[in-house]
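A.B. asks: Need coordinates for the following:
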Amino acid sequence: MNENTFSLGQIWSQGDSVSHAVAIILIVMSLASWSVILIKAWSLMQLRRMSAAAKQFWHSTSFDEGMAALQPEQADNPFRDLASRSTEAVTHHINHQNELHGVLNLNDWLTSTMRQSIDDTTSRLQSGLSILASVGSTAPFIGLFGTVWGIYHALIGIGAAGQATLDKVAGPVGESLVMTAGGLAVAIPAVLGYNALVRGNKEILARLKHFAHDLHAFLVTGGKVRKNPASVHPLPARKEAQ
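C.D. replies: A predicted model of the protein is given here:
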């Protein structure tokens, strides 16, 4: 038995189509989960910068200046989307009182619009997380299937040889151990990444809801939108949290 008997190349060469399929599935699942983790992590970093910029909104002296502080060059900025939709909703409600939604008061109409914006942001934040959840929950069992298949090969080798010699069982047993390790190696990053991203999403949504609360109070009681939806009275001084 040469020194390369237990190498991954040797294990791959002695495997059959089933073990190859299991290995390929685990590799694809790993690539998919790491792609989601990296993309969503970068997105969370961008959203944290946007939330920091949103704090400057309340230090502006006019609504136009506040909107400029929300980084209009950033695509899919949920804070700017919320502010834009809210001011458009107020203007539309004021100028279309004769329509069916006119029976709703401004508070209810604005709340509904803000909820829709937050729901859209929530859907974007949660996209891709189902992949991590699926990988984290199924990868160990796929690896376990490969383990069982490797042990089955070992038993077949023992039965054919009539005795449990090392050269008959080392390859299949090594293959089964690699499959077990592979399933865990794929599942653990997916589970940890899922938990980290969910925690980060909750943080962003909490900041967005806080911003929506303050914006709602401003638009309903603190500022009036003119016919031009981008034109409002200067922002009142915002009280600092006690």
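
A.B. asks: CA only for contacts and neighbour counts going forward, please
C.D. replies: Will do.

A.B. asks: ok, longest helix in this structure?
C.D. replies: Secondary structure of the chain per DSSP state H: the longest helix is helix 166-217.

A.B. asks: just the helices in this structure please.
C.D. replies: Applying DSSP H to the chain gives helices spanning 8-14, 17-55, 63-69, 78-95, 106-126, 129-161, 166-217.

A.B. asks: The last one - contacts with which helices or strands?
C.D. replies: It stands for helix 166-217. Applying 3 or more CA pairs under 8 Å, 6 or more residues apart in numbering; DSSP states H and E, one finds that helix 166-217 makes contact with helix 8-14, helix 17-55, helix 78-95, helix 106-126, helix 129-161.

A.B. asks: got TSV for those helices, with mean neighbour count too?
C.D. replies: What follows is the helices and strands packed on helix 166-217, written out as TSV (neighbours: other CA atoms under 10 Å):
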stretch	mean neighbour count
helix 8-14	13
helix 17-55	17
helix 78-95	20
helix 106-126	16
helix 129-161	19
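
A.B. asks: Out of the ones you listed, which gets nearest to Arg207?
C.D. replies: Closest to Arg207 of the helices and strands packed on helix 166-217 is helix 17-55 (CA to CA; 7.0 Å).

A.B. asks: chain center to that closest one, what's the gap?
C.D. replies: 8 Å (CA atoms, centre = their mean, to the nearest Å).

A.B. asks: Now do the contacts for the residue lying closest to Ala23 once chain neighbours are set aside.
C.D. replies: Of all residues not flanking Ala23 in the chain, Met179 sits nearest, at 7.3 Å (CA to CA, 6 or more residues apart in numbering). Going by CA atoms under 8 Å, 6 or more residues apart in numbering, Met179 touches Ala23, Gly143, Leu144, Gly146, Thr147.

A.B. asks: Let's have the residues you listed in a markdown table, adding pLDDT and distance to Thr221.
C.D. replies: Listed next are the contacts of Met179 as a markdown table, based on pLDDT from 0 to 100; distance: CA to CA, whole Å:
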| residue | pLDDT | distance to Thr221 |
| --- | --- | --- |
| Ala23 | 86 | 61 |
| Gly143 | 88 | 59 |
| Leu144 | 88 | 61 |
| Gly146 | 84 | 64 |
| Thr147 | 84 | 65 |
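
A.B. asks: Return the set of buried residues in stretch 202-220.
C.D. replies: Ile204, Leu205, Arg207, Leu208, Lys209, Phe211, Ala212, Leu215, His216, Leu219 (16 or more other CA atoms under 10 Å).

A.B. asks: Quick check: the residue nearest to Ala23 vs Val28, distance?
C.D. replies: Separation of Met179 from Val28 (CA to CA, to the nearest Å): 14 Å.

A.B. asks: Show the pLDDT at Val135.
C.D. replies: pLDDT recorded at Val135 is 94.

A.B. asks: so it touches Ser33, yeah?
C.D. replies: Yes. Between Val135 and Ser33 a contact is recorded at 7.1 Å, counting by CA atoms under 8 Å.

A.B. asks: If anything else comes up later, I'll come back, but that's it for now.
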